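Engineer: starting from these lines, generate the structure:
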Amino acid sequence: MRTRRRIWRSTGYLLLIAISAATVFPFVWMVLTSVRRRDTVFGGGIIPDEITFDAYQRSWSQLDYPSHFLTTLVITTITVAVVVALATLGGYAFAKLRFPFRNLLYVILLSTLMLPVTAIILPLFLQLRSLHLLGTRQGLILVYIGTSLPFAMFLMRAFFTTLPDELIQAARADGAGEFTIFRKIMLPLAAPGVATVVIFQFMTTWNEFLYAQTFLQNPDYLPLQPVLYTIVGQYSTDWPLMCASLTMSVLPIVLVYMRMQRRFVAGLTLGAVKS
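Structural biologist: Sure, this is the predicted structure:
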């Protein structure tokens, strides 16, 4: 029995190691390729014989990387802030408040998640043009907020549903208003859910390509992803330049995840009243 258990445990460890290696390898290859010479990308070993940071310098200057990085950061920050604020309010309302047609409205909200992105590009394009927001970063931010809210609200509602109603009832008995209950009691307990939404939304907005490429015609307004796509040539691609740009692009996502990951293991009802 013990031998069989050890075999299963060893097999599980080996499987996890293999999955981890397959997950990490593309990132390692990207970083190593970013410090290679272009003529040794596919002809040398995994570890480059000569390390050069020329690709980073060219990315910084040729692609006007700082300007597009700042544009992406501003768009992503505003989108994440608005989506998190509206998703927490909406998720709390759908989970804990009682109002007419609540379930019907929630079903309609979820039904929007079934729409493919390509199916709504033309309606969004026409709507932005009628509002004179086509080709503006404000219009792109509105599109990001509108298309991201349903999923974010779905996550927050699912999280608020797990919190005990007794906390709300006790606060109401003490005379607290609904917004006070939300802000001082439920929202602190929802920190892990908020962190999840922040990470998902930051990654989604930071890496988004299709909407930005479609709705922003001015190259100076483009965020990073459409700019990085211009590196891909019809017959050849400057892989060190591409990998250097991608390496710098993923750093904010890594930093955000490292900053927020501790929230995933936070106690959901730490400091709550006893039953």
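Engineer: what's around residue 237, how many residues?
Structural biologist: Applying other Cβ atoms under 10 Å, we find 13 residues neighbouring residue 237. To be clear about C-beta, it is placed using only N, CA and C from the backbone, and glycine gets the same treatment.
Engineer: offset the numbering so it begins at 584, please.
Structural biologist: That works, and once the first residue is 584, the last one we named lands at residue 820.
Engineer: for it, phi and psi?
Structural biologist: phi -130, psi 140 (degrees, to the nearest 10).
Engineer: alpha carbons of stretch 756-774, in CSV - could you do that?
Structural biologist: C-alpha atoms of stretch 756-774 as CSV (Å, rounded to 0.1, in the frame of the first residue of the first chain):
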residue,chain,number,x,y,z
ALA,A,756,-29.6,45.9,13.4
ASP,A,757,-27.0,48.4,14.6
GLY,A,758,-28.4,51.0,12.3
ALA,A,759,-25.8,51.0,9.5
GLY,A,760,-26.9,52.0,6.0
GLU,A,761,-26.4,49.9,2.9
PHE,A,762,-23.4,51.8,1.6
THR,A,763,-21.7,51.8,5.1
ILE,A,764,-22.3,48.0,5.2
PHE,A,765,-20.7,47.6,1.8
ARG,A,766,-17.8,49.9,2.4
LYS,A,767,-16.8,49.0,6.0
ILE,A,768,-17.8,45.4,6.3
MET,A,769,-18.3,43.6,3.0
LEU,A,770,-15.6,45.3,0.9
PRO,A,771,-12.7,44.5,3.3
LEU,A,772,-13.8,40.9,3.3
ALA,A,773,-14.0,40.9,-0.5
ALA,A,774,-10.3,41.8,-0.8
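Engineer: give the buried residues for that stretch.
Structural biologist: 759, 764-765, 768-770, 772-774 (16 or more other Cβ atoms under 10 Å).
Engineer: low-confidence ranges in the protein?
Structural biologist: 584, 817, 846-858 (pLDDT under 70).
Engineer: was I right about residue 785 contacting residue 838?
Structural biologist: No: using Cβ atoms under 8 Å, residue 785 is not in contact with residue 838; the gap is 10.0 Å.
Engineer: looking at those two, which has the bigger crowd around it?
Structural biologist: residue 785 (22 against 11).
Engineer: quick one: contacts for that one?
Structural biologist: For residue 785, the contacting residues are 659, 663, 835-836, 839, by Cβ atoms under 8 Å, 6 or more residues apart in numbering.
Engineer: now the residues you listed as TSV including distance to residue 645?
Structural biologist: Formatted as TSV, the contacts of residue 785 follow (distance: Cβ to Cβ, whole Å):
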residue	distance to residue 645
659	23
663	29
835	21
836	23
839	27
